[in-house]
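Asks: Here you go, sequence then predicted model.
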Amino acid sequence: MPKPIKLWSSKKGGKASQIGREVVREALRRGAKKKNFKPAVVFDMDETLIFNRDKYEDDLKITPNKTMKELYDWLVSKGVTVFVVTARRRNNWSYNLIRKQLDGTGYNKVRGVYMVPKE
């Protein structure tokens, strides 16, 4: 099984979406001829997929990052599997909150959430 390769990353939303689409288009083009080709992307959650920095007093009062949401929707429409990583500590309460936040902002097709192991 081939190892994943980091093709690109950015902290600038609009440019990130544009480059992300270009990278995925090229990966889909190259992978289309390969057997068992299963494209996937990984997003950070906080302040990337969702904005929540000033809203910690209400864990569900968050907003989706519009640019990343558009990219996410496009990726899902192309059959790309989406995973999320976060620096939040792993426990049942935190995992359930993350799922509520993702579902509540329209990121309801995320395949897996990877969290920091609990201490």
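Replies: The structure has been received and is ready for your questions.

Asks: ok, so what distance separates G31 from K38?
Replies: Separation of G31 from K38 (Cβ to Cβ, to the nearest Å): 8 Å. The way it works is simple: take the backbone N, C-alpha and C, and place the C-beta from them, glycine included.

Asks: now V85
Replies: To K38, V85 is 18 Å away according to Cβ to Cβ.

Asks: and the two? which has more neighbours close in?
Replies: V85 (15 against 9; other Cβ atoms under 10 Å).

Asks: Look at the more buried one and give its secondary structure.
Replies: Here V85 is recorded as strand under DSSP: H, G, I helix; E, B strand; the rest coil.

Asks: Quick check: it touching V41?
Replies: No. Here V85 does not reach V41: they are 11.0 Å apart, not a contact under Cβ atoms under 8 Å.

Asks: Show me what the residue nearest the centre of the chain bridges to in the sheet.
Replies: By Cα atoms, centre = their mean, the chain has its centre lying nearest to F43, at 3.1 Å. Counting by DSSP bridges, F43 forms beta bridges with V84.
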